[in-house]
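**Q** Predicted structure and sequence below. I'll ask about it afterward.
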Amino acid sequence: MSALVIIAAYLLGSVSFAIVVSKLMRLPDPRSYGSKNPGATNVLRTGSKAAAIVTLAGDAAKGWLAVWLAQLYVPEAAPYAALAVFLGHLFPVYHRFQGGKGVATAAGVLFGIDWRIGLGTLATWLIIAFFLRYSSLAALVAAAFAPFATALLLGLDAYFAAVLVISALLVWRHKQNIARLIAGTESRIGGKKA
């Protein structure tokens, strides 16, 4: 049963809302412009705030749903479902294993694990994004915060291990952003792309 839950979580995670929403709203494929990343930030580059919001909500919701359903029916599999849905977003089977960076899905996962971890991590992202105007830097700081919050609230359990791996993968997926941040060429929120 646990294996089925983990596979189902991965398959759910593999649904890329950036691609689905763009098709439904007759927008360009997000993998064909801007950062070529199938995520809400890149979808926003089309000028459609509605498409970006739906993408963000969908990617976050699938992360939350996978964890919530696992906790409801097979609690022992929930930490692994949390990791599986995130891996599905990063490496989606439906899209040649080329997915997004996973920020929204990770946020959904954290809210699914414990709303306090989700809220604390989201607050961290918002504070950094508001004051420093870098979405990528906000994601990196939030990724560093999440494992500490998980350890503090839940201890060093399977959830902590899952969140630690998710955070490490988030940082890895932002390696190009890190290089641009160091070089001073990363685009700011609301600014023109450098």
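**A** In hand now; what should we look at?

**Q** Please tell me how far the nearest residue to Val93 once chain neighbours are set aside sits from Ala61.
**A** The shortest distance from Val93 to any non-neighbouring residue, by Cβ to Cβ, 6 or more residues apart in numbering, is to Ser14 (4.9 Å). Bear in mind the C-beta positions are built from the backbone N, C-alpha and C, glycine included. According to Cβ to Cβ, to the nearest Å, Ser14 stands 14 Å off from Ala61.

**Q** out of these two, which sits in the more crowded spot?
**A** Using other Cβ atoms under 10 Å, the more surrounded residue of Ser14 and Ala61 is Ser14, with 21 against 18.

**Q** quick one, what contacts that one?
**A** Listed by Cβ atoms under 8 Å, 6 or more residues apart in numbering, the contact partners of Ser14 are Gly88, His89, Phe91, Pro92, Val93, Tyr94, His95, Gly99.

**Q** just Gly100 next, same as before
**A** By Cβ under 8 Å, 6+ apart, the residues touching Gly100 are Ser16, Ala18, Asn37, Pro38, Gly39, Asp59, His89, Leu90.

**Q** which SSE is the second one in?
**A** Under DSSP states H and E, the secondary-structure element containing Ala18 is helix 17-24.

**Q** just checking, what packs against that helix?
**A** Applying 3 or more Cβ pairs under 8 Å, 6 or more residues apart in numbering; DSSP states H and E, we find helix 17-24 packed against helix 40-44, helix 49-73.

**Q** pLDDT, secondary structure and neighbour count for the contacts of Ser14 - can I get that in TSV?
**A** Conversion of the contacts of Ser14 to TSV gives the following (pLDDT from 0 to 100; DSSP: H, G, I helix; E, B strand; the rest coil; neighbours: other Cβ atoms under 10 Å):
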residue	pLDDT	secondary structure	neighbour count
Gly88	97	helix	28
His89	96	helix	29
Phe91	96	coil	17
Pro92	94	coil	21
Val93	95	helix	12
Tyr94	92	helix	13
His95	86	helix	16
Gly99	90	coil	28
